[in-house]
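Q: coords please:
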Amino acid sequence: MAKKILFIEDEARLQEAMAAKLESDGYEVLSAFDGETGIKMAQEHKPDLILLDLILPKKDGFEVLEELKAKPGLPAVPILALTNLEDRRSIERCLSYGVHSYLAKANYSLDEISQKIKEALQ
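A: Next comes the predicted model:
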């Protein structure tokens, strides 16, 4: 059975490109375009990993992290932050929520992100 990845990202082109890459790698990809929907989908679908942008409509990534960590059954799910924010405060805040990896979008290719996901799932 394929591992489920929930990608919470409001940028449609990145959603499509990342989903295509991950599906070709054998993953099932669920997409949420805002933080509120992402939280609901995480609860409903119990993904094996969450790929999370921090700048999102409705609820930002930090609010998503806070809520997901408070939900029973979800704290053990690895979360990779994939964002344009590269400031120290954002990185430290994410790590304080137990984020597995913090990836700046500009610094990683789709293949490199896929590799980070593979490592997180092992």
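Q: so what's the residue most central in space within the chain closest to, chain neighbours aside?
A: The chain has residue 51 as the residue nearest its centroid, 1.4 Å off, counting by CA atoms, centre = their mean. Nearest residue to residue 51 in three dimensions, chain neighbours excluded: residue 7, at 4.6 Å (CB to CB, 6 or more residues apart in numbering). C-betas here are computed from N, CA, C, even on glycine.
Q: the one you found in helix, strand or coil?
A: Assigned state for residue 7: strand (three-state reduction, DSSP: H, G, I helix; E, B strand; the rest coil).
Q: for the host helix or strand of the residue nearest to the centre of the chain, name the packing helices and strands.
A: In the assignment (DSSP states H and E), residue 51 maps to strand 49-52. Secondary-structure packing of strand 49-52 (3 or more CB pairs under 8 Å, 6 or more residues apart in numbering; DSSP states H and E): strand 4-8, helix 35-45, helix 61-70, strand 79-83, helix 110-121.
Q: indicate which one of the ones you listed is closest to residue 104.
A: Of all the helices and strands packed on strand 49-52, strand 79-83 sits nearest to residue 104, with 6.7 Å by CB to CB.
Q: any chance you could list what contacts that closest one?
A: With contact meaning CB atoms under 8 Å, 6 or more residues apart in numbering, strand 79-83 is reached by 9, 49-55, 61, 65, 68, 90, 94, 97-105, 108, 113, 116-117, 120.
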